[in-house]
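**Student:** what would the 3D arrangement of this be:
(chains A and B)
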Amino acid sequence: MASRWATHSRWPLTAGIVALVAVAGLGLGSLGALLWQARELHPAMLWQEPWLAAVLRFTLWQASLSTLLSIGLAMPVALALARRPHFFGRRLLLRAMELSLVIPSLIALFGLVAVHGRRGWLAPLRDALGGLPDDYLYGLSGIVLAHVFYNLPLAARLMLQALEEAPPAQWRLAGQLGLSRGALWKALEWPRLAPLLPRLAALVFTLCFTSFAIVMTLGGGPASSTLEVALYQAMKFDHDLALAALLALTQLAICLTLWLLALSRGGTPRLAVGGHPSRSAGRWWRRDALGISRFTDACWLAGLAALLLPPLAAVLVAGVLGLPDMPRGASLAPAALRSLSMALGAGLGALALAVALLAGRQWLRDTRHPLAATVMEGGGQLILVIPALVFGTGLFLLLRPRLGSGWEGYALVVLVNAFMALPFAMQVIRGALPGLSAPERRLADQFGVHGWARLRWLQWPRLRRPLALALAYAMTLSLGDFSVIALFGSPSAPTLPMLLFQQLGGYRWQGAAATALLLLALVMLVFAALDRLTRRPPRYGWGREKGKREGEEVSSE
Amino acid sequence: MPLKVYAAGASLAVLLVAGVAQAGETLTVYTYDSFVSEWGPGPGIEKAFEARCDCDLEFVALPGGVDILQRLRLEGQGTAADVVLGLDMNLMAEARSLDLLAPHGVDTAALDLPIAWDDDTFLPYDWGHFAFVYDTEQLSDPPDSFEALLEAPEDVKVILQDPRTSVTGLGLLLWIKKVYGEQAPEVWSRLQERVLTVTNGWSQAYFSLFMNGEAPMVLSYATSPAYHMAVEGTDRYQAAEFEEGHYLQVETAAMVADTEQPELARKFLAFVLTPDFQRHIPLGNVMHPAIDLGDELPAVYDRLIAPKSLAFSPEEVQAHRREWIREWRNAVAQ
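**Tutor:** Residues are numbered from 1 along each chain as shown, chains lettered A, B, ... in the order given. Model (predicted):
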């Protein structure tokens, strides 16, 4: 019976349920509070108001287009990156990819405009080539460009992680067999990417669907508008809670349907389960890395660099030029520290919730409750589809009248940020958490490796890198977050993004650019630090390590 | 277990951030973000008031005036605010209908506004006109009226803000409505030719686009050039004066009826119309002070445009805003 205990110990389920109750409870609770305040809904407005119907159509259209392009282009980019584990600037490119998701939209817009704008860096090139209108940054093309800028790197980064986690043995074997490009794609690459795609597409779609500042700023006018804008107006200007709740429910219904669809697909279990991160260990020969693919890979990577780096460089240049106008120090360092500690709290919170939900899902799956498993995982994505404004206001309604003064406000921001980072953390960890394959599990059971020892010696080594990446994403997302903190207001002690907005509100452009640079530097630092901490394989006794390797090879037969 | 250590560290960090609560009498003022920043008027005003009140003045910063109103509405009677500072004329009627605010009881004889003011709840602390700010290096001959703007050459593009999400955007909506009345929708659809894009907020428009040279004109305040001239020392950015007149914005302070600090709140409101408060406005908030500052007014303010003022009453705005926004939406969205 020892093996049954080991495999089906109930703690993952308990942890998962606790996390689910917390997330779904607060998420739906906030929405419920709003509904309760709103009293009555008029769903007919959605189709009776021609304007709302138009907004809905446009939102769906731009989000679909952005998702298609982001995911479609991310695939060759990720493959090229996986095929070329060593080239000059690879690490820089990876850092830039991680950065792009977490840049506050105001900064990203600044960079995009500086490069692609009517008078941007590309203007001479554009004029020389002709053909492109000088205001291609405004309108649908601009919206899609900005969304691809944000989401392609995220998608490619996650795909790359999935590719790199393929067991080295498989790559070695593929090298020895001299598999061609097509064969590799069929045997190795596609099977690793396919299960990822539905969720990734759902994530990107949701992000584009709920995008606000980008769609408005680059949209060119109210003709290109999103539900979030209508929601904002209903909530803030008109205090029309009924309409706000209706819009929030519409958004919830559309995105949740999509998520359930995505979660119910892509559920194919892996054939083999990942071993060590293979980048450093990988010295196998890839036949497909030669010939024409040298050229195509170079094109894809150059394309990625051309998309990503110039806007970041524009922010960098503006920031460096603004350094002399930095705030006089008094507020900068405390703001940075405040931001970092809040981000750490939110990041760890997101991580804990993500691990609990995924462990619960895995348990349910192992015990053949696929529907419950889907619900458990879907619960984690709930926050993504509840607009921050609704979530914040709903929480406010739930918790009032005692709220908001002093540290309660900060704690609430940390909590909400943890929730909002949860979907990203789950996306990163998901691939790694299933942990041991059935044969490995049996083997571990036979040797009596249970509980803590199993976690420490068998699961932790596989989890540490994905966990670090997830923590980095979660931390930096809340590091750059302004929307949540803006909801609750603050006593005169700003975080970095608040400082940035204060500077802008006070015309301090140059200083604001420097603050933006500092924010980006912190984001880089978090990623680099967590990467460095987990890059080396943990120091185990040689014998144990060897034993595990052998175990793994047995299992992947 | 490393995770435990991290978790403990995190909660410790949260506690550290929390800081220490202060004792004594505290006056809580809800205001907007840029007011309390270290470049805004907040810190100077706080220091000056605390020197004379023997109390602790605490600002709670929200993103904008709309958020102050929203917060008041959500908190209702239980609000922690003693004073709200930052509701402009277009929010006044809404705020008044919440029945949460009390008469200010301040002698307004010192007020120096372009319009007469007799409201006994809302006390003005600064004012300004909405205007199109232009870049003299891109545009040597700016339009001098709406008509001229509508007829301007192809490459004279302007960056606007959305009336649904921004104060300046709403300002332009009211401005055009005031000038053109029934013809406003037609003017809006003609104006579309001139519009590069419509951002959600003023910061996006001014910083991300205008300062990047994306368009020669941006919807902003007539006082914006004062900052560029006085602090940056450049005459490059100026406001175009329109002969139809400019829409007026007046920002106000008001006290909460249920405040536990009525004495202190009144003291603060009386302080608003003194030079000790007002001298921080021109360069801190980049708006006109609400009283005559005499020699203390920065010299650059003499070089700003001084247009005719246009305004609807707060009640008119409250009654028609949604209808006018709908009208605008239909005019500009094809």
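
**Student:** pull the number of nearby residues for residue B:56.
**Tutor:** 15 (other Cβ atoms under 10 Å in any protein chain shown). Yep, even glycine has a C-beta here, placed from its N, CA and C like the rest.

**Student:** now it. Nearest residue, chain neighbours left out?
**Tutor:** Leaving out its chain neighbours, the residue that sits closest to residue B:56 by Cβ to Cβ, 6 or more residues apart in numbering or on different chains is residue B:26, at 4.5 Å.

**Student:** pLDDT value on the residue nearest to residue A:308 when sequence neighbours are not counted, please?
**Tutor:** Take residue A:308 and drop its neighbours on the chain: the residue closest to it by Cβ to Cβ, 6+ apart is residue A:96, 4.8 Å away. At residue A:96, the model reports a pLDDT of 86.

**Student:** at which residues are the helices of chain B located?
**Tutor:** Ranges of helices in chain B, per DSSP state H, are B:2-18, B:33-36, B:42-53, B:65-75, B:89-96, B:146-150, B:167-180, B:184-191, B:202-203, B:224-230, B:262-272, B:275-278, B:281-284, B:314-332.

**Student:** can you find the helix or strand of the chain with the lowest average pLDDT?
**Tutor:** Just going to use chain A. helix A:542-555 (a mean of 40; mean pLDDT, DSSP states H and E).

**Student:** what about chain A, any weak spots by pLDDT?
**Tutor:** For chain A, applying pLDDT under 70 flags the ranges A:1-8, A:266-290, A:327-330, A:400-407, A:431-438, A:450-452, A:455-456, A:486-492, A:536-557.

**Student:** my guess is residue A:45 meets residue A:244, correct?
**Tutor:** No: using Cβ atoms under 8 Å, residue A:45 is not in contact with residue A:244; the gap is 11.7 Å.

**Student:** do I have it right that residue B:185 meets residue B:325?
**Tutor:** No: using Cβ under 8 Å, residue B:185 is not in contact with residue B:325; the gap is 11.8 Å.

**Student:** so is whichever strand or helix holds residue A:115 next to chain B?
**Tutor:** For residue A:115, the enclosing helix or strand under DSSP states H and E is helix A:105-116. Yes: for helix A:105-116 and chain B, the contact criterion (Cβ under 8 Å from any Cβ of the partner chain) is met by A:106, A:109, A:110, A:113, A:114.

**Student:** can you name the next helix or strand after that helix?
**Tutor:** Using DSSP H and E, the first helix or strand after helix A:105-116 is helix A:123-129.

**Student:** do that next one and chain B come into contact?
**Tutor:** No: residues of helix A:123-129 are not located near chain B by Cβ under 8 Å from any Cβ, the shortest gap being 9.9 Å.

**Student:** give the other helices and strands that the helix or strand just after that helix contacts.
**Tutor:** Later in the chain than helix A:123-129, the nearest helix or strand by DSSP H and E is helix A:140-164. Packed against helix A:140-164, as judged by 3 or more Cβ pairs under 8 Å, 6 or more residues apart in numbering or on different chains; DSSP states H and E, are the following elements: helix A:50-83, helix A:90-102, helix A:105-116, helix A:190-193, helix A:197-209, helix A:213-219, helix A:292-322, helix A:407-430.

**Student:** need the winner for burial among these.
**Tutor:** helix A:213-219 (a mean of 27; mean count of other Cβ atoms under 10 Å in any protein chain shown).

**Student:** number of nearby residues for the one residue in the stretch 51-200 of chain B that gets nearest to chain A?
**Tutor:** Of all residues in the stretch 51-200 of chain B, residue B:78 sits closest to chain A, at 3.5 Å by Cβ to the nearest Cβ. Counted by other Cβ under 10 Å, the residues lying close to residue B:78 total 11.

**Student:** quick one: the residue nearest to residue A:308 from residue B:36, how far?
**Tutor:** 35 Å (Cβ to Cβ, to the nearest Å).

**Student:** what residues does the stretch 51-200 of chain B put near chain A?
**Tutor:** B:58-63, B:66-67, B:70-71, B:73-76, B:78, B:80, B:94, B:157, B:162, B:164-165, B:192, B:195-200.

**Student:** quick one, what contacts residue A:116?
**Tutor:** A:122, A:136, A:137, A:142, A:145, A:311 (Cβ atoms under 8 Å, 6 or more residues apart in numbering or on different chains).

**Student:** since that was my last question, I'll sign off now.
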